[in-house]
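Student: 3D model of this:
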Amino acid sequence: ISLNAEWKNKIRLVLTGKLQEIFKENSVEFNDDFSIEEFVKEAYIEIKEVGGSPIAVIVGKQPIPFAQNVQAMPIFSNNPLADLQKIDEVYGLTVDLTEGLFGIFDQVEVSAFETVEGDMSIGSINGVSVRLSKMLTDNILLTMGHAELGNDHLTSGNERRTTVGLIGESNDGMLVGWVEGMYFSNNPKYPDSSFAITVGGMMRVHRTTDVIVEFNYVEKEVLQYAIGTRTALTESLSLGVEARYNDHLNGKDDIVLGINLTYQFGSSPIKPNEEYLFDDED
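Tutor: Now for the predicted structure:
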């Protein structure tokens, strides 16, 4: 659940809470151990056109711009790369050069942040990241990102992640494809791995229905084949269904099925998939 308030298209305040934290797990009863720290997912302020320049500054508990993080599948958190692609629920400062850097890139986002997630206290600012975006053509977006995450519990140095990816779409916006490769080191979840890749595509097969396919690979860990669909039942309510086959390289294979319902308050006419260019989260 999210609150988004904007003043004169210059200042934006965002507050987002994780609704599931209010209720007990697998129950509709209220959670007796409710924690405001775990409930608040985002709490930041964005100031646009600072000093009249094409610069935006974002301060607070926020998602840090780093990788593509294309969230087309209905339950994108089931992607084995999800934790690698995102850095969120941390306090930080992001400077967004919305007209790029010396004409070489169309957008440059630089961040400094803490690396302890999910609380309401500001810890050590021991993380930095940069994401560069460039429209190669009217239909193809190149993104490059690098992050350094200081982890006190690691004895072998900081965690590093470097990504390069492409997102493309058809002229009518009905077909979207993406690919992103990542090199990383000292990741706590995948300590023996150093490379991962995701490849996917989404097609609008009906004005209310998208079909998504995705392949994900984490070196020495897993190959995942996924298919999903999203259907708009009404202007505000959509249904998502997905299936993922995980070929674990060091364990038994499994199949994961998922279904979700998404309700958006207010009217939102169905539109093509153009929002995936430039990672438009609005």
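
Student: excluding its backbone neighbours, what's nearest Val70?
Tutor: Take Val70 and drop its neighbours on the chain: the residue closest to it by CB to CB, 6 or more residues apart in numbering is Trp178, 5.0 Å away. C-beta here means a position set from N, CA and C on the backbone, and glycine is covered the same way.

Student: give me the element the one you found is part of.
Tutor: Under the criterion DSSP states H and E, the helix or strand holding Trp178 is strand 175-185.

Student: Please apply the same query to Ala5.
Tutor: Per DSSP H and E, the secondary structure element for Ala5 is strand 2-7.

Student: Check which helices and strands that strand sits against.
Tutor: In terms of contacts (3 or more CB pairs under 8 Å, 6 or more residues apart in numbering; DSSP states H and E), strand 2-7 is packed against strand 11-17.

Student: The same query, at a cut-off of 10 Å, please.
Tutor: Under the contact criterion of 3 or more CB pairs under 10 Å, 6 or more residues apart in numbering; DSSP states H and E, the helices and strands touching strand 2-7 comprise strand 11-17, strand 40-47.

Student: any idea how far the longest one is from the chain center?
Tutor: This means strand 40-47. Centre-to-centre, strand 40-47 and its host chain are 15 Å apart (CA atoms, centre = their mean, to the nearest Å).

Student: and the residue nearest the centre of the chain, helix, strand or coil?
Tutor: Among the residues of the chain, Asn69 comes closest to the average C-alpha position under CA atoms, centre = their mean, at 3.9 Å. Here Asn69 is recorded as coil under DSSP: H, G, I helix; E, B strand; the rest coil.

Student: Next: Tyr225.
Tutor: In the three-state summary, Tyr225 is assigned as strand, counting by three-state DSSP.

Student: That one: what's it in contact with?
Tutor: Tyr225 sits next to 213-216, 243-247, 255 when contact means CB atoms under 10 Å, 6 or more residues apart in numbering.

Student: picking up where we left off before, which one of the helices and strands packed on strand 2-7 lies closest to Arg160?
Tutor: Ranking the helices and strands packed on strand 2-7 by proximity to Arg160 (CB to CB) places strand 40-47 first, at 25.1 Å.

Student: Point out the other helices and strands that that closest one packs with.
Tutor: Counting by 3+ CB pairs under 10 Å, 6+ apart, the packing neighbours recorded for strand 40-47 are strand 2-7, strand 11-17, strand 55-62, strand 90-97.

Student: do you know which of those strands lies nearest Val128?
Tutor: The stretch from the helices and strands packed on strand 40-47 with the least distance to Val128 (CB to CB) is strand 90-97; that distance is 9.3 Å.

Student: Distance from the chain centre to stretch 190-200, please.
Tutor: Going by CA atoms, centre = their mean, the spacing between the C-alpha centre of stretch 190-200 and its chain's C-alpha centre is 16 Å.

Student: List the buried residues of that stretch.
Tutor: By 16 or more other CB atoms under 10 Å, the buried positions in stretch 190-200 come out as 190, 193-194, 196-198, 200.

Student: and the angle for the strand holding Ala5 with strand 40-47?
Tutor: Using axes from the mean of the first three to the mean of the last three CA atoms, to 10 degrees, one finds that strand 2-7 and strand 40-47 are set 10 degrees apart in direction.

Student: hmm, back to that, is it possible to export the buried residues of stretch 190-200 to JSON lines including secondary structure, distance to Ile64 and pLDDT?
Tutor: Converted to JSON lines, the buried residues of stretch 190-200 look like this (DSSP: H, G, I helix; E, B strand; the rest coil; distance: CB to CB, whole Å; pLDDT from 0 to 100):
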{"residue": "Tyr190", "secondary structure": "coil", "distance to Ile64": "19", "pLDDT": "94"}
{"residue": "Ser193", "secondary structure": "coil", "distance to Ile64": "22", "pLDDT": "96"}
{"residue": "Ser194", "secondary structure": "coil", "distance to Ile64": "21", "pLDDT": "96"}
{"residue": "Ala196", "secondary structure": "strand", "distance to Ile64": "18", "pLDDT": "98"}
{"residue": "Ile197", "secondary structure": "strand", "distance to Ile64": "21", "pLDDT": "97"}
{"residue": "Thr198", "secondary structure": "strand", "distance to Ile64": "19", "pLDDT": "97"}
{"residue": "Gly200", "secondary structure": "strand", "distance to Ile64": "22", "pLDDT": "97"}
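
Student: Please consider this matter closed, and thank you.
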